[in-house]
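Novice: dropping a prediction and its sequence here:
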Amino acid sequence: MSIWRRDIVSNLRLLAGVEGKNPGEPPIASMGASNPPLIERPLFILDHIVSDGAQVTRPSIDPYREPTETEIYLFGGELRLTMPIIIGGLTGADAQHLEAVILACFRMGVGVHLEQPLSRYPHKHVRELILLEATVGELHGQESGPLVFRINGVEELTSINHALKSFEHNNRLIARTPCLSNHDFYLGVAKSGFQAVIIDEDLGGEESLEVALSEADHALKKLTIDGLPVRYHIGLIAASDRIRSSSDIFKLGGLGADACIIRNAWRIGVDYKREMPSHLLSERIENLLIGIQREIKLLMGAAGVSSYQSSIVGNRELFRAIDLPQHVCERLGVRPAGE
């Protein structure tokens, strides 16, 4: 069964303006469920997780009339994203399309993850939003900005850590790792000076994205420096080809992700083609991001919270699990429905 069900694809294309008449505007939906695990067969752990909804002591919020904040901050507050989204999956894009995507993301205030070198560096303020893949050998002489280092395990972390000490640089460092279940590894990343961790399911690993993310969040909250949990100084970013929608982003936030890298969803939403004009690509990406932000605000309003980073990220109390084994619920930190 394809993970890209017809309703998911249609919703993304409505938001991007490929279909329908109101780009950027979430379709009206009831509070009834037509999604997994209640109707459709659940494919991933995320499909078993539902929002617990607003309560008497935590009333619902109308995001169209009351302030709701989707902003998130990375690198100790130095980088502000207007919503918990980073666009990825740009490998192979031609120069014009790449520039169109970067500029659209800059205008919308979201990040860009590049696995390919830039032929030329964009303006400094744009560069600050780009998470650029690099190796230690490329660190010398790099312009300031976030650099991503792929680290597959403890031995590779130790090697990179020793190499980094020989360079003077102004770059923010990000570790991109597989889905590992190793608390010591994540603690080692934090102690090595990395300011964010991308937990990337597409790199493999022995765990699902949901479990690895949740356990990394717990591990970093237990480590303290000067009496404060390290988790408040190091960002967690979830990445996977299968992140499909605002709902997935919202749930991954509850499991500990400050932001999510989406790769396939934006391509499907804008109906990406190689011959697509750059201006149309930019327009559709902006529409899609506006729509996703509004959907996230609606989800926040239904949960009765007004700030994404302070009230959603790592707040498992807002979620419940349906038909998940008890040991999985315990590793996630999400209680079964009914509790």
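Specialist: That came in fine, so what should we check first?
Novice: do you have the helices of the chain handy? List them.
Specialist: Assigned by DSSP state H, the helices in the chain fall at 6-16, 95-108, 124-127, 154-164, 183-191, 209-222, 246-254, 264-270, 278-303, 308-311, 326-332.
Novice: any idea which of those gets closest to M83?
Specialist: Evaluated over those, closeness to M83 peaks at helix 278-303, with 4.6 Å, by CB to CB. C-betas here are computed from N, CA, C, even on glycine.
Novice: now do that closest one: which elements does it pack against?
Specialist: Here helix 278-303 touches helix 6-16, strand 49-51, strand 85-87, helix 95-108, helix 246-254, helix 264-270, helix 308-311, going by 3 or more CB pairs under 8 Å, 6 or more residues apart in numbering; DSSP states H and E.
Novice: now with 6 Å, please.
Specialist: Contacts defined by 3 or more CB pairs under 6 Å, 6 or more residues apart in numbering; DSSP states H and E place helix 278-303 against helix 6-16, helix 95-108, helix 246-254, helix 264-270.
Novice: out of those, nearest to R58?
Specialist: Between R58 and the helices and strands packed on helix 278-303, the shortest gap by CB to CB is with helix 246-254, which sits at 14.5 Å.
Novice: want to throw the helices of the chain into TSV with distance to L114?
Specialist: Output for the helices of the chain, formatted as TSV (distance: least, CB to CB, whole Å):
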stretch	distance to L114
helix 6-16	21
helix 95-108	8
helix 124-127	11
helix 154-164	19
helix 183-191	21
helix 209-222	21
helix 246-254	20
helix 264-270	14
helix 278-303	15
helix 308-311	24
helix 326-332	31
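Novice: rank these by pLDDT, which is bottom?
Specialist: Ranked by mean pLDDT, the helices of the chain bottom out at helix 124-127, with a mean of 74.
Novice: so where's the stretch 1-150 of the chain uncertain?
Specialist: The stretch 1-150 of the chain contains residues with pLDDT under 70 at 1, 28-34, 38, 119-122, 124, 139-143.
Novice: ok, the spatially most central residue of the chain to K191 distance?
Specialist: For the chain, the residue nearest the mean C-alpha position is C260 (0.7 Å; CA atoms, centre = their mean). For C260, the distance to K191 (CB to CB, to the nearest Å) stands at 25 Å.
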